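Undergrad: Sequence unavailable; structure follows:
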Ligand SMILES: *[C@@H]1O[C@H](CO)[C@@H](O)[C@H](O)[C@H]1NC(C)=O
Ligand SMILES: *[C@@H]1O[C@H](CO)[C@@H](O)[C@H](O)[C@H]1NC(C)=O
Ligand SMILES: *[C@@H]1O[C@H](CO)[C@@H](O)[C@H](O)[C@H]1NC(C)=O
């Protein structure tokens, strides 16, 4: 009885849940640079296949892991989740699936993407849209999840809340330099064919949706009646748009219903392992009205993978000045600064020659000690034997 009451209460109040979409259009104009390359220039409509999904491109998966925006507590951060999902997957696509999978820090974007009103803190859990994130990432870098995990709450854009490490006896400190990710270009688009072209040419996109109570609470019932595809006869208006999700592909059911392949950010227990199919070509849930794309940058990762940059526990990848300051505050044992690390990797051949010489010396030393020990033992035995001959042990009974 009590359980049922809770469920009804949840259903009754669900419409008040905004998943975290708030349009920045009223204060942020959508002006794309004149020279920006769009998918319209890259793909012709005739080239688009009937089915396409970045989770399975000729048997290869080119998307990253699933997450949940609502834990450890409710947070309206769908704008962060829908956008990072596309960025992570586009990095994977651009790198042709090579190691490693990258997950941008959702919490750092929450902490740092600014509010339109400069006197207000970053919106975080209070909502925003992909354009705000792309605009920020054009000028700034963010680290990955290992610098700052998702906490589902509003924090600040301090060094400590962008990347940190901790150690018993030292507390926690900010890591000043890390591998950063941003975007080199971005834009918005709308309409079924434009969406398909962009996805096919360059990777997943992020779109906005009106995800009402039926989508939230009755998703399973709905799709069971439509071959696994969510479909509704209801129509929506712009002011009902409340959610961002990533669109990674499309297809057609056996009976001919066209659908989108969409990643949600409500955990893998929602929909089909966290993903949904939504009817395509009908602007269902306003899905085809407003989408965003961007081209990720990851030069920092390339440098690390090429062995040009290394990091340390205390300083991360840092400059000499920064690490000197850290050394003082932490009174830590000597740690290597970036220039030292680089120098070392350059002089590795000299170093290994030195190590070789030292090893030969060590072997000689061990051999000499063994000889000396053997000689001393022999001497002792000889002395004891002579003593036994001249002076038989007392009480020894033959
Ligand atoms: C910005 O926020 C402050 C504090 O809430 C408010 O007083 C001010 O009117 C806001 N400015 C704009 C332009 O919205
Ligand atoms: C991008 O958004 C602006 C502002 O809403 C709109 O006027 C424009 O048509 C959109 N661009 C595309 C390609 O849909
Ligand atoms: C969910 O489905 C049930 C049973 O089919 C129905 O009674 C209820 O009105 C639906 N709720 C929503 C929000 O669509």
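TA: That came through, no problem. Everything numeric in this text was worked out from a predicted model, so none of it was measured. Numbering: from 1, shown residues only. Ligands and ions are numbered 1, 2, ... in the order given.
Undergrad: Minimum distance to ligand 1, which residue of this protein gives it?
TA: In the chain, the residue that lies nearest ligand 1 is residue 117 (3.6 Å; C-beta to the nearest ligand atom). Every C-beta, even on glycine, is put in place using the N, C-alpha and C of the backbone.
Undergrad: Would you mind giving the secondary structure of that residue?
TA: The three-state assignment at residue 117 reads coil, by DSSP: H, G, I helix; E, B strand; the rest coil.
Undergrad: Check residue 245 too.
TA: Going by three-state DSSP, the secondary structure assigned to residue 245 is strand.
Undergrad: helix/strand/coil for residue 197?
TA: Under the three-state scheme (three-state DSSP), residue 197 adopts helix.
Undergrad: Just to be sure, residue 83 is in a helix?
TA: Yes. The assignment for residue 83 by three-state DSSP puts it in a helix.
Undergrad: Residue 79 - how many residues pack around it?
TA: Residue 79 is surrounded by 32 other residues when neighbours are defined as other C-beta atoms under 10 Å.
Undergrad: how far away is residue 186 from ligand 2?
TA: According to C-beta to the nearest ligand atom, to the nearest Å, residue 186 stands 11 Å off from ligand 2.
Undergrad: Is my assumption valid that that residue occupies a position in a strand?
TA: Yes. Read with three-state DSSP, residue 186 is one of the residues of a strand.
Undergrad: The residue of the chain closest to ligand 1: neighbour count?
TA: For residue 117, the number of neighbouring residues by other C-beta under 10 Å comes to 9.
Undergrad: Over to residue 189?
TA: Other residues within reach of residue 189, judged by other C-beta under 10 Å, total 19.
Undergrad: repeat for residue 82
TA: As a burial measure, the neighbour count of residue 82 was computed by other C-beta under 10 Å and equals 33.
Undergrad: how does the protein divide into domains?
TA: Domain ranges of the chain: 15-297, 310-346, 354-398, per automatic domain parsing.
Undergrad: With respect to burial, which of these scores highest?
TA: Ranked by average neighbour count under the criterion mean count of other C-beta atoms under 10 Å, the domains of the chain are headed by domain 15-297 at a mean of 18.
Undergrad: Could you check that domain against ligand 3 for contacts?
TA: Yes. Applying C-beta under 6 Å from any ligand atom, one finds domain 15-297 in contact with ligand 3 at 213-214, 217-218, 221.
Undergrad: For the residues you listed, give me CSV that also has secondary structure.
TA: What follows is the residues of domain 15-297 next to ligand 3, written out as CSV (three-state DSSP):
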residue, secondary structure
213, helix
214, helix
217, helix
218, coil
221, helix
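Undergrad: Pull up the residues of the stretch 1-150 of the chain that are close to ligand 2.
TA: Proximity of the stretch 1-150 of the chain to ligand 2 is confined to 25, 30 under the rule C-beta under 6 Å from any ligand atom.
Undergrad: try 5 Å
TA: Of all the residues in the stretch 1-150 of the chain, those in contact range of ligand 2 (C-beta under 5 Å from any ligand atom) are residue 30.
Undergrad: now do the stretch 151-300 of the chain
TA: 188-190.
Undergrad: rerun at 8 Å
TA: Proximity of the stretch 151-300 of the chain to ligand 2 is assessed by C-beta under 8 Å from any ligand atom, with 187-191, 194, 290-291 identified as the residues in range.
Undergrad: In terms of distance to ligand 3, which of those residues ranks first?
TA: The shortest gap between ligand 3 and any of these belongs to residue 290, at 24.0 Å (C-beta to the nearest ligand atom).
Undergrad: quick one, what contacts the closest residue to the closest one other than its chain neighbours?
TA: The shortest distance from residue 290 to any residue that is not its chain neighbour, by C-beta to C-beta, 6 or more residues apart in numbering, is 4.8 Å, and that residue is residue 208. For residue 208, the contacting residues are 21, 23, 129, 241, 243-244, 286-287, 289-291, by C-beta atoms under 8 Å, 6 or more residues apart in numbering.
Undergrad: Check for me that residue 208 belongs to a helix.
TA: No. Assignment of residue 208 by three-state DSSP gives strand, placing it outside any helix.
Undergrad: Mind pulling up the pLDDT for residue 247?
TA: As summarised for this prediction, residue 247 has a pLDDT of 99.
Undergrad: er, residue 386 actually
TA: As summarised for this prediction, residue 386 has a pLDDT of 48.
Undergrad: now do residue 34
TA: The predicted local confidence for residue 34 comes out at a pLDDT of 80.
Undergrad: What distance do you get for it to residue 43?
TA: Distance of residue 34 to residue 43, given as C-beta to C-beta, to the nearest Å: 21 Å.
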